[in-house]
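Student: Structure for this input, please:
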Amino acid sequence: MAYDAKLGFSFYQPTRVLFGDGSVAELGPLCKRLGIERAMVVTDRVMRERTDVVARVERALGTRMGAIYDGVIPDTGVAVIDDGARIAKEQGCDGLVSVGGGSAIDTAKGMALVMTEGGSIRDHHGSAHLQRRQTAHVAVPTTAGTGSEVSMYMVVKDERAHEKMHYVDDRLIPDAAVLDPEATLDMPAQLTAATGIDALTHAIEAYTSQNKNPIADGLALQAMRLIARHLPRAVAEPADKVARGQMLVAANIAGLAFNSTGVGLVHAMAHVVGARHGVHHGTANAICLPHVIRFNSDELGGCYRDVAEALGIDARDLGDEMAGEAAAQAVAQLVARIKLPGRLRDVGVPEADLDQCAAHSLADGALVQNGKFAGDKQLVLGVYKNAY
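Tutor: Model (predicted):
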């Protein structure tokens, strides 16, 4: 896509990113720099009990180690966030170190907000209304997918309504992110695969967003290249620190890209099947992404030619729609190679619920930034049916 004289955009990124094998050891000085005297580590029980990452974080924090909250669950919810913030205050903690995947990082984002603003996380639902810096937060991602360590987005499950609430505010962006390949070594193959496709989806949807811009474009394309090259290796050879590290970088820069542009229809669809049927977010993205590419390709084929090239396909001589098909096939082949499901029926989504899934997708904010208009239930339903 060529840009004209009407181009205008905003790109903001306050997160200090520290990368390197063993870089968790730098948490103490990093927290000192941020003014954190007593940190609460936010994680889940599996991470705490079955890996040594949390213990390494504790040692690195030294005298700045305050307490541990290990109540994080997949698809973090209101009760988890409110409970964690309450305990952090009771323990006298003045900063947070999240250790885990997107759920741990989003839980800490929510806790930071509640610790600063009070009340329940439900009281603050919305976008761009925070007026001050939130409680200091350092993110240590142990999965390479969400990009949450550099994003202004937070997703919180409302258990009562069986829906996901979306928060968007640049004051939710973590102050620092520590990308340590060693911290990802215990990630199971299926989770490595699913989170990797989540990162790929961020990159592709950023590159095809209505808000795309040249800075985000460069980040997104490089993320695609890194994922195509390193994700299969990270899945097949989990101890390969080079592949693990490059996937952390890819997820991070894909996060930087979509933090500027937003995402699109894939995420709107995935959010709904995640909330209604418990489908892992990355897996839902993997299933929906090729079909959304096909849906978009009549209008965004030029963008998908670049996507196909970034994924290793020579698409220079293809027409726009054929370039879109090439990109869709490249994604589908990668998904199959890393052994993720390819159909919604394979992950327990009932065909009878597709109509309701389509209706609920229209209320998801991600839909607004899709590069092609998708704000019609029948259009979305058609994509769901193709993915079924």
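
Student: Look at the closest residue to D240 other than its chain neighbours and tell me its secondary structure.
Tutor: Using C-beta to C-beta, 6 or more residues apart in numbering and skipping residues adjacent in sequence, the residue nearest D240 is R233, 5.6 Å away. For the C-beta atoms, the positions are set from N, CA and C on the backbone; glycine is no exception. Using DSSP: H, G, I helix; E, B strand; the rest coil, the structure places R233 in helix.

Student: Helices along this structure, start to end?
Tutor: Applying DSSP state H to the chain gives helices spanning 27-34, 45-50, 53-61, 78-90, 102-117, 189-207, 214-236, 241-261, 265-277, 281-310, 320-337, 354-361, 377-387.

Student: tell me the angle of the fourth one relative to helix 102-117?
Tutor: On the basis of axes from the mean of the first three to the mean of the last three C-alpha atoms, to 10 degrees, helix 78-90 is oriented at 50 degrees to helix 102-117.

Student: Which elements pack onto helix 78-90?
Tutor: Applying 3 or more C-beta pairs under 8 Å, 6 or more residues apart in numbering; DSSP states H and E, one finds that helix 78-90 contacts strand 39-42, strand 65-69, helix 102-117, strand 153-158.

Student: chain center to the second one, what's the gap?
Tutor: From the chain centre to the centre of strand 65-69 is a distance of 25 Å (C-alpha atoms, centre = their mean, to the nearest Å).

Student: same deal with the longest one?
Tutor: Mean-position distance between helix 102-117 and its chain equals 15 Å (C-alpha atoms, centre = their mean).

Student: before we move on, what about the shortest one?
Tutor: Computed by C-alpha atoms, centre = their mean, the chain-centroid distance of strand 39-42 equals 21 Å.

Student: With just CA atoms, put that strand into CSV.
Tutor: In CSV, the C-alpha atoms belonging to strand 39-42 read as follows (Å, rounded to 0.1, in the frame of the first residue of the first chain):
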residue,chain,number,x,y,z
ALA,A,39,7.4,-5.6,44.4
MET,A,40,4.5,-8.1,44.2
VAL,A,41,5.2,-10.9,41.7
VAL,A,42,2.0,-11.7,39.8
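
Student: now it: mean pLDDT?
Tutor: The average pLDDT within strand 39-42 is 98.

Student: ok, that strand: who's next to it in the sheet?
Tutor: In the sheet, strand 39-42 lines up against strand 65-69 (parallel), strand 95-100 (parallel) (DSSP bridges).
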